[in-house]
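J.: Fold the following and give me the result.
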Amino acid sequence: MNAQFIINSLTQVLLLTAGGVGVVVISWNLLRNDFRKYMSAQPAGTVKGEDAGLLQLRLQAYERMIVFVDRLNPSNLFLRLYEQGIPAAGLQAIILNEVRSEYQHNVSQQLYINAASWDVLRKLKDDTIVMVNNAVNGLPEDASGKDLSRKVLEHMAGIAANPYELTIKLIKQDIHQLF
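T.: Numbers count the residues shown, from 1 in each chain. Model (predicted):
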């Protein structure tokens, strides 16, 4: 009877253990996905599912685009590039070279910013080139760089909404959407 009692007790222990293991396995399978989501959840205040490294690259790209727009702005272009006594055609060449160079320097940033914003930036660059070329075409051949800058800045003053300020506003809106 003693052996029979031990066998029955062991059988009950094994059945209870198997039942417990079964409950744990079933529970784990049901809750595994929720547990993984909980463990990989980002703390409050993090970016919408973005990796911190990618966020840093995107923010740097947007910062560079704001600098790019600021450097394209004709008032800044003329302040930076104007030289006393330079003819309009010479200043035009310097400005066109600078605009194209700035664009080429930043072209890789399109990987990290909104495609629509990149299109606006590209168009702003093209419009800046067209504006400078049109201003030179409307000047006499012996016009000075000062004449060119005056004509472009007068044109800018006549525009109701400054496209450079609007572009920076668009970039800022994109940045705010990251958070």
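
J.: so who does Asn114 touch?
T.: For Asn114, the contacting residues are Asp174, taking Cβ atoms under 8 Å, 6 or more residues apart in numbering as the criterion. The way it works is simple: take the backbone N, C-alpha and C, and place the C-beta from them, glycine included.

J.: Let me know the distance separating Tyr112 from Gly53.
T.: Counting by Cβ to Cβ, to the nearest Å, the gap from Tyr112 to Gly53 is 11 Å.

J.: Over to the spatially most central residue of the chain. Which of the three states is it?
T.: Using Cα atoms, centre = their mean, the residue of the chain that lies closest to the mean C-alpha position is Ile113, 3.2 Å off. What DSSP: H, G, I helix; E, B strand; the rest coil gives for Ile113 is coil.

J.: Look at the residue nearest to it when sequence neighbours are not counted and give its secondary structure.
T.: Beyond its immediate neighbours in the sequence, the residue positioned closest to Ile113 (Cβ to Cβ, 6 or more residues apart in numbering) is Ala61, lying 5.1 Å away. In three-state terms, and counting by three-state DSSP, Ala61 is helix.

J.: Three-state assignment for Ala161, please.
T.: The assignment at Ala161 comes out as coil when based on three-state DSSP.

J.: Give the burial count for it, as a bare number.
T.: By other Cβ atoms under 10 Å, 7 other residues sit near Ala161.

J.: Look up how far Lys169 lies from it.
T.: Distance, Ala161 to Lys169, by Cβ to Cβ: 10 Å.

J.: so where is this protein shaky, pLDDT-wise?
T.: Per-residue confidence of the chain (counting by pLDDT under 70) places the weak regions at 1, 5, 9-10, 13-16, 18-21, 23-25, 27-28, 34-35, 38-50.

J.: need the helices for it, in chain order.
T.: Per DSSP state H, the chain has helices spanning 2-40, 52-72, 74-81, 88-106, 115-137, 145-157, 163-177. These are given in chain order.

J.: want to throw those into a markdown table with mean neighbour count?
T.: Formatted as a markdown table, these follow (neighbours: other Cβ atoms under 10 Å):
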| stretch | mean neighbour count |
| --- | --- |
| helix 2-40 | 9 |
| helix 52-72 | 16 |
| helix 74-81 | 15 |
| helix 88-106 | 17 |
| helix 115-137 | 16 |
| helix 145-157 | 17 |
| helix 163-177 | 15 |
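
J.: what distance separates stretch 77-93 from the middle of the whole chain?
T.: Between the centre of stretch 77-93 and the centre of its host chain there is 32 Å, according to Cα atoms, centre = their mean, to the nearest Å.

J.: swap in stretch 160-171?
T.: Using Cα atoms, centre = their mean, the offset of stretch 160-171 from its chain centre is 16 Å.

J.: residues contacting Gln92?
T.: Applying Cβ under 8 Å, 6+ apart to Gln92 gives the contacts 132-133, 136, 148.
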